[in-house]
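Undergrad: Predicted model follows, preceded by the sequence.
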Amino acid sequence: MSRVYLDASAIIYFLEAESPFHAAAVQSIARFRSDPASRLVTSRLSRLECRVKPVRDSDKELLAKYDAFFERRRLIIGDVTTAVIERATDLWARHRFKTPDAIHLATAIEEHADVFLTGDDDLKRCPELKVEVLRP
């Protein structure tokens, strides 16, 4: 079973980005879809980050796409628990990640993700995870 963590940028690429970013996200996620035991993982923080723009823009269609994504059967949404905050604090202190990035990385570690998909090159500095940057 594979656990694939998607940060907000990966989800945005998957659901709304224009090609070639959309194609890169679809291709990366498709590698794991063939295994029925695999799971996508994200943080509750991703829900906030992804929904801000459609809520601000009153884009009901895009908001519905995000809501449907976050209700997927094979999606695990990690909560921002005390353990996540403690690990995020450590990541921020040791590697100077921004707070949201540290929370995403910490959630992936706490949820035992096998790979972390993102659009952010900076996150490759996290030694505790296999980070793959989505490239067009």
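TA: That came through fine.
Undergrad: for stretch 72-85, what is the average pLDDT?
TA: Stretch 72-85 carries an average pLDDT of 96.
Undergrad: Can you find the helix or strand in this structure with the smallest mean pLDDT?
TA: helix 21-33 (a mean of 84; mean pLDDT, DSSP states H and E).
Undergrad: Now do it: which elements does it pack against?
TA: The contact analysis (3 or more Cβ pairs under 8 Å, 6 or more residues apart in numbering; DSSP states H and E) places helix 21-33 against strand 3-6, helix 8-15, strand 115-118. All C-beta spots, glycine's among them, are computed from the backbone N, C-alpha and C.
Undergrad: what does the last one contact?
TA: Strand 115-118 is touched from outside by 2-7, 9-10, 25, 28-29, 104-105, 108, 123, 126, 129-134, with contacts defined as Cβ atoms under 8 Å, 6 or more residues apart in numbering.
Undergrad: which residues of the protein score low on pLDDT?
TA: Applying pLDDT under 70 to the chain picks out residues 1.
Undergrad: Where do the helices of it begin and end?
TA: Taking DSSP state H, the helices of the chain run over residues 8-15, 21-33, 44-56, 60-69, 82-95, 99-110.
Undergrad: helices or strands up against the fifth one?
TA: Counting by 3+ Cβ pairs under 8 Å, 6+ apart, the packing neighbours recorded for helix 82-95 are helix 99-110.
Undergrad: what sits up against the helix it packs on?
TA: Applying Cβ under 8 Å, 6+ apart, the contact partners of helix 99-110 are 5, 7-8, 41-43, 45-46, 49, 78, 80-81, 83-89, 91-92, 97, 116, 118, 120, 122-123, 126, 128-129.
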